[in-house]
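**Student:** have a look at this fold, sequence not included:
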């Protein structure tokens, strides 16, 4: 069984007790940053560790950075080893349902640091509970330090200048994963400026999952991406969002659809909009 993009709750249940399996609870709420931890304490998958977006999956924000900048790659690799991650571990990330938050863990460990066995549980905790599968309030057991040797890929992410150049190049694409009204600049509940990067195209990450919170089938995802990418290859594509989290949701969907190679702009709109020298577009684009 491939353990690289998505696995079902049933497949995870069959693996419980496997010493190679490490489970990471990535639940989070944008409006209440402490809500993910609270949900974890009320009940989680057996053996799961809580991976907090602010504390574990992002570095310290600065006046010029986005809201969730990448941590130092050496620091994050060291944290993975403290959690017990080995090179041959099976890493599983999940959140409440859609994988939006878990996809950040997936991208950081698999695409950025090069771990070979990382997957997101399709449907997340919602699907797990629907199936009546076991939960616990017990803390994760302590594991010996792992031997994971990170291989950071500096090509996996880009900066604002590279994003601007790609957005203005008809042979490349920048996909903005935010909701359509935020992309158009009609509302902006978080960042100081409303709008989008000129030339970026809107592909809300909410469109890659169905009503049950599970990802659409690969063929359906591939058709959806092809309508936006046209003849542009995934390797010539950059994803962005508000702070570099939901953009990872698009990257996971592309990988699941057989379209690997796109890159992340981690700073995303929260970084871009803090620089008054950066141009801003509004409307449909």
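**Tutor:** Here it is on my side, so go on. Fair warning: this is a prediction, and the values are worked out from it, not measured in the lab.
**Student:** contact partners for the residue lying closest to residue 6 once chain neighbours are set aside?
**Tutor:** Spatial nearest neighbour of residue 6, excluding adjacent residues (C-beta to C-beta, 6 or more residues apart in numbering): residue 122 at 4.5 Å. In short, each C-beta sits where N, CA and C put it, glycine included. Each residue near residue 122 by C-beta atoms under 8 Å, 6 or more residues apart in numbering is listed here: 6, 7, 8, 9, 99, 214, 215.
**Student:** let's see which of the residues you listed end up in helices.
**Tutor:** Within these, residues falling in helices by DSSP state H are residue 9.
**Student:** highest neighbour count among the contacts of residue 122?
**Tutor:** residue 99 (32 neighbours; other C-beta atoms under 10 Å).
**Student:** apart from its chain neighbours, what residue comes closest to it?
**Tutor:** residue 120 (4.6 Å).
**Student:** from residue 82, how far out is that neighbour?
**Tutor:** To residue 82, residue 120 is 22 Å away according to C-beta to C-beta, to the nearest Å.
**Student:** again, but for residue 39
**Tutor:** From residue 39 over to residue 82 (counting by C-beta to C-beta), the distance is 23 Å.
**Student:** the two - which one has more neighbours?
**Tutor:** residue 39 (18 against 12).
**Student:** the more buried one contacts residue 27, correct?
**Tutor:** Yes. With contact defined as C-beta atoms under 8 Å, residue 39 counts as touching residue 27 (4.8 Å).
**Student:** list residues touching both of these two?
**Tutor:** Listed as contacting both residue 39 and residue 27 by C-beta under 8 Å, 6+ apart are 96, 125.
**Student:** narrow the contacts of residue 122 to those in strands?
**Tutor:** Among the contacts of residue 122, DSSP state E puts 6, 7 in strands.
**Student:** residue 18: neighbouring residues, count only.
**Tutor:** Residue 18: 12 neighbours (other C-beta under 10 Å).
**Student:** how close does it sit to residue 106?
**Tutor:** Using C-beta to C-beta, we find residue 18 at a distance of 19 Å from residue 106.
**Student:** what do you get for residue 198?
**Tutor:** Residue 198 is 30 Å from residue 106, by C-beta to C-beta.
**Student:** of the two, which one has the most company?
**Tutor:** Shown here are residue 198 and residue 106; by other C-beta under 10 Å, residue 106 has more neighbours (28 against 15).
**Student:** what segments of the stretch 51-200 of the chain are strands?
**Tutor:** In the stretch 51-200 of the chain, the strands defined using DSSP state E, counting those that start in this stretch lie at 90-94, 118-121, 173-176.
**Student:** for the first one, enumerate the helices and strands it packs against.
**Tutor:** For strand 90-94, the contact count by 3 or more C-beta pairs under 8 Å, 6 or more residues apart in numbering; DSSP states H and E identifies helix 9-15, strand 21-25, helix 102-106, strand 118-121, helix 124-130 as packing neighbours.
**Student:** which residues does residue 58 contact?
**Tutor:** 67, 68, 69, 70, 71.
**Student:** so where's this structure uncertain?
**Tutor:** 1 (pLDDT under 70).
**Student:** show me the helices in it, by range?
**Tutor:** For the chain, the helices defined by DSSP H cover 9-15, 35-42, 73-82, 102-106, 124-130, 160-167, 180-183, 218-229, 246-256, 268-272.
**Student:** format the ones you listed as CSV; extra columns: distance to residue 139.
**Tutor:** What follows is the helices of the chain, written out as CSV (distance: least, C-beta to C-beta, whole Å):
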stretch, distance to residue 139
helix 9-15, 19
helix 35-42, 9
helix 73-82, 15
helix 102-106, 19
helix 124-130, 17
helix 160-167, 40
helix 180-183, 37
helix 218-229, 36
helix 246-256, 27
helix 268-272, 33
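**Student:** no further queries at this time; thank you.
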